[in-house]
Every structure is written in structure tokens, then in C-alpha cells.
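Trainee: build me a model from this:
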Amino acid sequence: MSPFTLIILSFSLILGTVITMTSSHWLLAWMGLEINTLAFIPLMARNHHPRAVEASTKYFLIQATAAAMLLFASATEAWITGGWQISQLTDPFTTTIITIALALKIGLAPAHAWMPEVMQGLDLPTGLIMATWQKLAPFTLLIQIHQTDQNLLIFLGLTSMLVGGLAGLNQTQLRKIMAYSSIAHMGWLVLIMQFFQSMSFLALLIYFVTTFSTFLVFKLNKATSINTLATSWAKTPVLTALTPLVLLSLGGLPPLTGFMPKWLILQELTKQELAPLATVAALTALLSLYFYLRLTYAMTLTMAPNNITNTTCWRLLSTQNTLPITISIIATLLLLPIAPALVMVMNY
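Mentor: Residues are numbered from 1 along each chain as shown. Purely as a prediction, here's the structure:
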């Protein structure tokens, strides 16, 4: 792909998300989602690999279905009430349809089955975009909707956390593991969304930071499966020592940054007198933590068979830019002490 084409697609990707985030009209929001989707599909298929083409086709069909549901529900709402405003949904039927459509776009369970298969067909940078940036526009719409039924979001959140934790246990491919990790994290965001929207946005930002670090680690090691991680000690020994902390931060283990959103979300659920819900959410976090521990074990506590030639790789200078991964790892590990300041900002 030529640099000029890549710049145009990247600009369109950003433009579509910004249009959706800044619009208050359903038609403009739908248009932004379509621009975003149509700009991302060529990025998915740029490798001209059969798996990439298959993944981009599946992604197009799912996103087109969700966009059609969104347009149908918003037109029905306009027919019933005469308004196209995003924040003024009043009909329970259209609100439910729009919520399900946005859940399909984000990949919430039980509408999640497309995401691991699509993620497996992409390269790591494109998978990073799908796991982070592509969540932003649907999440912005979901957070603006006044939910008439809180049980729907609670069901979607709990189901996503359970499915993301259980289905990720038996995976060996890193991209599928990150897909199920994304499903589980989106469950946490949706669960707290109706009670404390600022907390949900903070959790999304922390998820972006930790996922960005994890994908950069996999890219630097050129790893796509758990077995490949076992050879990373010979290539990047310092990064191999830091990666377990990054993975445990993604799993939400204190005193790392990833513990912050889970801690604050459980605290808020308890304040809302939803202690049983908070207990179930905390137990599902253990499921996700298990497969992060599997990755940690494969990377640091196992040693793949290597000959003398392979073990000299780490002595060679790397040509990859390490500044982004340095900044992201520092943020992934050391942001927990500023949690009180973030809570104060959210309260304002």
C-alpha cells in the first residue's frame, strides 16, 4: 500500500470517529460510523492474504448489519417522536435495538462470535486499531443513550465478562486471546456505564494504554502464539522481564495501573448497593487473570530449545523504534498513584 493511500485511509478513519463523537443527530452519527468502517476495511485487507480478506469480509458484513439496525431504529424513533437527537431517545423498543446494534459493533457478548475470528486474520498493528480505536465511536454513542432498561446493560456486561474470561482460557493464539480480553474489558465498561459515565470513560482510556503496550510487545517480539513467546528471552531480555508486569496490569493486578479501573468500578457498584453484582464481576476478573498468567509463564518461566546461533539474536541492535513502547509501558505500570487525582477530576 502506497504512503499516500495509507494517509488518506488513516485520515478517513479518524474523521469518521470524530464525526460520530461530535454529532448529536443520528444520521450524522451513522454517517461517521460508515466512513470509519469503509476506511478500516482496506487497512485490514492490505496484506492480500486469504485470512486477511476473509477477516475483512466478515467485519464488513457484521458492521453493515449493525449500521442497518442503527439506521432502522433511529428512523423508527424519528417516526414515533419526530426527533433525531441522540440524547432524547424515549421509545423502549428503539432504545433496545440501538443498544444491541452498538453492542454488535463493539463485540459485546452474546454478539461477540465474530471478533476473535476477525482478529486472528489481521496483523498485529491492524488488530491493535480494531481492539482500541474502533471501540471509540460506538462507545461514545452508547454512553449518550438514556437507557430505559438497566437490566439490558447489566446482562451484556456480565455476559461479556464471563465469555471473555472462559473462552480465553483454552486459546493458544495471542490475537484471539487479546480479542477475548477486549470482550471482557468491554463488559466492565458497560457494567458501570449507567451508574458513573466518567468512570466508564476512564476505564476505556486505561484499557487503551495497557492494550497498546501489550500489542507493541508482541510486535517487537514478532510473536503470534504462546509458543513463540518462549523464545523472546534470547531476543529482548529486558523486555521479557517487563512484559509479565504489562500482562498482569492488563489483568488488573495491584499495584499496577490496570488495577485502577477495576478497583473504582467495584467501589462504585458497592456504593450503588449492588454488592452481589460486584462480587460476580470480581470473580470473572480471576478468569481473565488466569490466561494472562499463562502468557507470563510461557514467556519467563519456560525456556525453548535453542542452539548457539539463535541465542545471539539479542546482541544485535534493533532497528525498531522503542520510544512508543517505553512510554506506554511506563504508563501501564506506574499510573495507579494518581488514582485519587483522577477520581477528583471525574467528580467535577
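Trainee: quick check on Ser23: phi, psi?
Mentor: Here the main-chain torsion angles of Ser23 (degrees, to the nearest 10) amount to phi -90, psi 150.
Trainee: right, and it touches Ala29 too?
Mentor: Yes: the criterion here is C-beta atoms under 8 Å, and Ser23 meets it with Ala29 at 4.7 Å. The C-beta positions use only the backbone N, C-alpha and C, and glycine is treated the same way.
Trainee: find residues that contact each of the two.
Mentor: With contacts taken as C-beta atoms under 8 Å, 6 or more residues apart in numbering, Ser23 and Ala29 have Ile86 as neighbours in common.
Trainee: more neighbours, those two?
Mentor: A side-by-side neighbour count of Ser23 and Ala29, using other C-beta atoms under 10 Å, places Ala29 first with 25 against 19.
Trainee: per-domain residue ranges of the protein.
Mentor: 1-148, 152-304+319-348 (automatic domain parsing).
Trainee: could you dump those to a markdown table with mean pLDDT?
Mentor: Putting the domains of the chain into a markdown table (pLDDT from 0 to 100) gives the following:
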| stretch | mean pLDDT |
| --- | --- |
| domain 1-148 | 89 |
| domain 152-304+319-348 | 86 |
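Trainee: need phi/psi at Ser225.
Mentor: Dihedral angles of Ser225 (phi, psi; degrees, to the nearest 10) stand at phi -140, psi 170.
Trainee: tell me what it is bridged to.
Mentor: In this structure, Ser225 has the following beta-bridge partners (DSSP bridges): Gln173.
Trainee: all numbers from here: first residue = 42
Mentor: Shifting the count to begin at 42 puts that one at Ser266.
Trainee: phi, psi for the nearest residue to His187 once chain neighbours are set aside please.
Mentor: Residue nearest to His187 in three dimensions, not counting chain neighbours: Leu130, with 6.0 Å by C-beta to C-beta, 6 or more residues apart in numbering. Reported as degrees, to the nearest 10, the phi and psi values for Leu130 are phi -70, psi 130.
Trainee: I figured Leu130 was touching Ile121, is that so?
Mentor: No: with contact defined as C-beta under 8 Å, Leu130 does not count as touching Ile121 (10.2 Å).
Trainee: of those two, which one has the most company?
Mentor: When neighbours are counted by other C-beta under 10 Å, Leu130 comes out ahead of the other of Leu130 and Ile121, with 22 against 12.
Trainee: tell me the SS of the closest residue to Thr46 other than its chain neighbours?
Mentor: The shortest distance from Thr46 to any residue that is not its chain neighbour, by C-beta to C-beta, 6+ apart, is 7.7 Å, and that residue is Pro83. Classification of Pro83 using DSSP: H, G, I helix; E, B strand; the rest coil returns helix.
Trainee: what sits against the residue nearest to His187?
Mentor: Under the criterion of C-beta under 8 Å, 6+ apart, the contact list for Leu130 reads Glu118, Thr136, Ile139, Ile186, His187, Thr189.
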